[in-house]
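Visitor: Curious how this folds, go ahead:
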Amino acid sequence: MVKNVTGAILGSGGWMLSRSATDTGLIDLLFEFERRSCLEVYSVLIASGVELSREAHLQFTELCQCTKFGQKGCREEIVSVDLEIQTSPLAENGNVPAICQ
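Guide: This next block holds a predicted model:
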């Protein structure tokens, strides 16, 4: 999933600043993009299977609307996103738990 999300972000004009993962299954992606790419980034996150919280949907919607109807200069502004994705943790032996297969 991380590979798909990262590729989607890069493909829509964004760039990755950092990626990390924990044993508990938490993946942290820090990335940036120009506001002009807001709708594309939002769309590829959803298409990649990321389930955003209600608050994240509201923030992306507001950002996209402000970009579309805002001042011309705002489209070049850089947006930073710290996306945390909770996945299933690895089993103690390092394998995916049977319930996730």
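
Visitor: From now on I want contacts and neighbour counts done on CA atoms only, so please keep to that.
Guide: Fine.

Visitor: Could you identify the longest helix within this protein?
Guide: Longest helix of the chain, by residue count under DSSP state H: helix 54-69.

Visitor: Other residues contacting that helix?
Guide: 35-36, 38-39, 42, 74-75 (C-alpha atoms under 8 Å, 6 or more residues apart in numbering).

Visitor: make it 10 Å
Guide: Under the contact criterion C-alpha atoms under 10 Å, 6 or more residues apart in numbering, helix 54-69 has outside partners 35-43, 46, 51-53, 70, 73-77, 79, 83.

Visitor: Helix or strand next in line after it, which one?
Guide: strand 78-86 (DSSP states H and E).

Visitor: by contact count, what packs against that next one?
Guide: Counting contacts by 3 or more C-alpha pairs under 10 Å, 6 or more residues apart in numbering; DSSP states H and E, strand 78-86 packs against strand 15-21, strand 26-34.

Visitor: The first one pairs with which strands, and in what direction?
Guide: So the one you mean is strand 15-21. strand 26-34 (antiparallel) (DSSP bridges).
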